[in-house]
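**Student:** show me the folded form of this:
(one chain, ligands or ions: 1)
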Amino acid sequence: MSDIIDDVLSSVRSSLIFKNRQYLLPDYIPNELPHREDQIRKIASILVQLNRGERPNNIFIYGLTGTGKTAVTRFVLSKLNEKVKTFSYIYINTRQSDTPYRILADIIEDLGEKVPFTGISTAELYRRIIKILNSKNTILVIVLDEIDAMVKKHGDDILYKLTRINSDLNISKISIIGITNDVKFVDNLDPRVRSSLGEEEIVFPPYNAEELEDILNRRAILAFKENVISESIIKLCAALAARDHGDARRALDLLRVAGEIAERSGESKITEVDVQKARIEIERDRVYEIISTLPFHSKLVLAAILKGLKNKNSLTTGEVYEIYKNIAKLIVSEYVTQRRVSDILNELDMVGIITAKVINRGRYGKTKEVNLAVDEDTIIKALVDNDDKIASLWNR
Ligand SMILES: Nc1ncnc2c1ncn2[C@@H]1O[C@H](COP(=O)(O)OP(=O)(O)OP(=O)(O)O)[C@@H](O)[C@H]1O
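**Tutor:** Numbering: from 1, shown residues only. I've put the predicted structure just below:
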């Protein structure tokens, strides 16, 4: 047995590919963020008020996923905090701390007090924050990342409360930085929250292929051994990620996973084939993740599409609905309306699992032509792994 472990250990030690893989991992915070100079300057110039002991305006940051919003925000705050000691900051990812209770508790704990896991009302937690802040002489910057996720679940009341803290204190001690990749989400906020949170708004545009190439080059030098990676491989990863709305995370993942694939195959260079395999592997993981978190009836609609496409090349919305209704009756004896199924089809289209093209059928009106946008086996695996009732459709 221990031979196996020794074998694995020695293969890790003698990596032909990586000098230091950690530089490509998602949680690594780089020391430089090229092509985000404007955003860094803009955020820093707002936060510089802290140097005068004054509360900076709240900032609302938005931009598509992987455009550097989190990395830039944390970078500016940590650099500024090295020089300016009159403030502290707390970073909360509201997808993880996803209830108003957890957010308030995180703030209190960061301010140095313990909070039980449950059992206190949010009103009491809020009072405690006010009390602690009253006794302190510093300004607190609260970063709320991925706020759309939390607001979709619990509404924007917590944001309203947080933006009210300063008036309840009678002195401005809190500044909020909200981050989201859902641009439409901003329009759905309560206008009071929007105007308060959006005192300053900063947009992060997607990276283009050349910018991604530059970002990847700098990381590749740190992460890979010499001669492992060529310029054409970097260009390929950058081009693929640029097509995918300029997502730096996707570009870095491609590079890392391609390196891992090359390593597993005992190669000493990363090839184009490794990158293509990496693309498929990443896409498979993404699809699996999306499907496993879908609500039950969305999974069922997807199952209906798979069943229907066994006999036809594409399906209309009406056909999907009929198949869905039949299998829903069979396994749960309840089903949602055709209108809802139509919404679900739009949602599945938006996340790239299916394509639902509107077609005009003359006097028969409009319908959608539904097809799969990703590999069928990945969808079946995700459905079967994540829901026993739906799995039973495949085991019958
Ligand atoms: N300009 C850059 N230079 C180097 N690395 C970058 C740059 N921009 C982003 N990255 C890296 O890309 C990854 C994604 O960045 P980040 O998490 O900041 O994106 P985001 O816009 O917050 O995405 P999301 O909305 O999905 O949370 C991180 O690993 C980050 O270090």
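
**Student:** who in the stretch 151-300 of the chain is up against the ligand?
**Tutor:** Taking C-beta under 6 Å from any ligand atom, the part of the stretch 151-300 of the chain that reaches the ligand is made up of Asn181, Ile215, Ala248, Arg249, Leu252. Glycine gets a C-beta too; all of them are placed from N, C-alpha and C.

**Student:** from these, which has minimum pLDDT?
**Tutor:** Note: of these, the lowest pLDDT belongs to Asn181, at 89.

**Student:** and Gln22, how many residues sit next to it?
**Tutor:** 10 (other C-beta atoms under 10 Å).

**Student:** ok, it touching Arg219?
**Tutor:** No: with the criterion set as C-beta atoms under 8 Å, Gln22 and Arg219 do not qualify as a contacting pair; they are 10.6 Å apart.

**Student:** which of the residues of the stretch 151-300 of the chain next to the ligand fall in strands?
**Tutor:** In strands, judged by DSSP state E, none of these are found.

**Student:** which pair of the residues you listed spans the longest distance?
**Tutor:** Pairwise distances across those (C-beta to C-beta) peak at 18.1 Å, for the pair Asn181 and Ile215.

**Student:** neighbour count: the two, which is higher?
**Tutor:** Neighbour totals were compared for Asn181 and Ile215, and Ile215 leads with 25 against 19 (other C-beta under 10 Å).

**Student:** so what's that one closest to, chain neighbours aside?
**Tutor:** Using C-beta to C-beta, 6 or more residues apart in numbering and skipping the chain neighbours, the partner closest in space to Ile215 is Ala248 (5.7 Å).

**Student:** tell me where the stretch 1-150 of the chain has helices.
**Tutor:** Listed in chain order, the helices found in the stretch 1-150 of the chain under DSSP state H, counting those that start in this stretch are 2-13, 37-47, 69-83, 100-110, 122-134, 147-154.

**Student:** with just CA atoms, put the top helix by length along the chain into PDB.
**Tutor:** Ranked by residue count under DSSP state H, the longest helix found in the chain is helix 272-292. What follows is helix 272-292 as a C-alpha-only set of coordinates in PDB (Å, rounded to 0.1, in the frame of the first residue of the first chain):
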ATOM      1  CA  GLU A 272      -3.100  22.100 -28.400                       C
ATOM      2  CA  VAL A 273      -4.900  18.800 -27.800                       C
ATOM      3  CA  ASP A 274      -4.400  19.300 -24.100                       C
ATOM      4  CA  VAL A 275      -6.100  22.700 -24.300                       C
ATOM      5  CA  GLN A 276      -9.000  21.200 -26.300                       C
ATOM      6  CA  LYS A 277      -9.400  18.400 -23.800                       C
ATOM      7  CA  ALA A 278      -9.300  21.000 -20.900                       C
ATOM      8  CA  ARG A 279     -12.000  23.000 -22.600                       C
ATOM      9  CA  ILE A 280     -14.300  19.900 -22.800                       C
ATOM     10  CA  GLU A 281     -13.500  19.000 -19.200                       C
ATOM     11  CA  ILE A 282     -14.200  22.500 -17.900                       C
ATOM     12  CA  GLU A 283     -17.400  22.700 -19.900                       C
ATOM     13  CA  ARG A 284     -18.500  19.300 -18.600                       C
ATOM     14  CA  ASP A 285     -18.000  20.500 -14.900                       C
ATOM     15  CA  ARG A 286     -19.800  23.700 -15.600                       C
ATOM     16  CA  VAL A 287     -22.800  22.000 -17.100                       C
ATOM     17  CA  TYR A 288     -22.900  19.400 -14.300                       C
ATOM     18  CA  GLU A 289     -22.800  22.100 -11.600                       C
ATOM     19  CA  ILE A 290     -25.600  24.100 -13.300                       C
ATOM     20  CA  ILE A 291     -27.800  21.100 -13.700                       C
ATOM     21  CA  SER A 292     -27.300  19.800 -10.100                       C
END
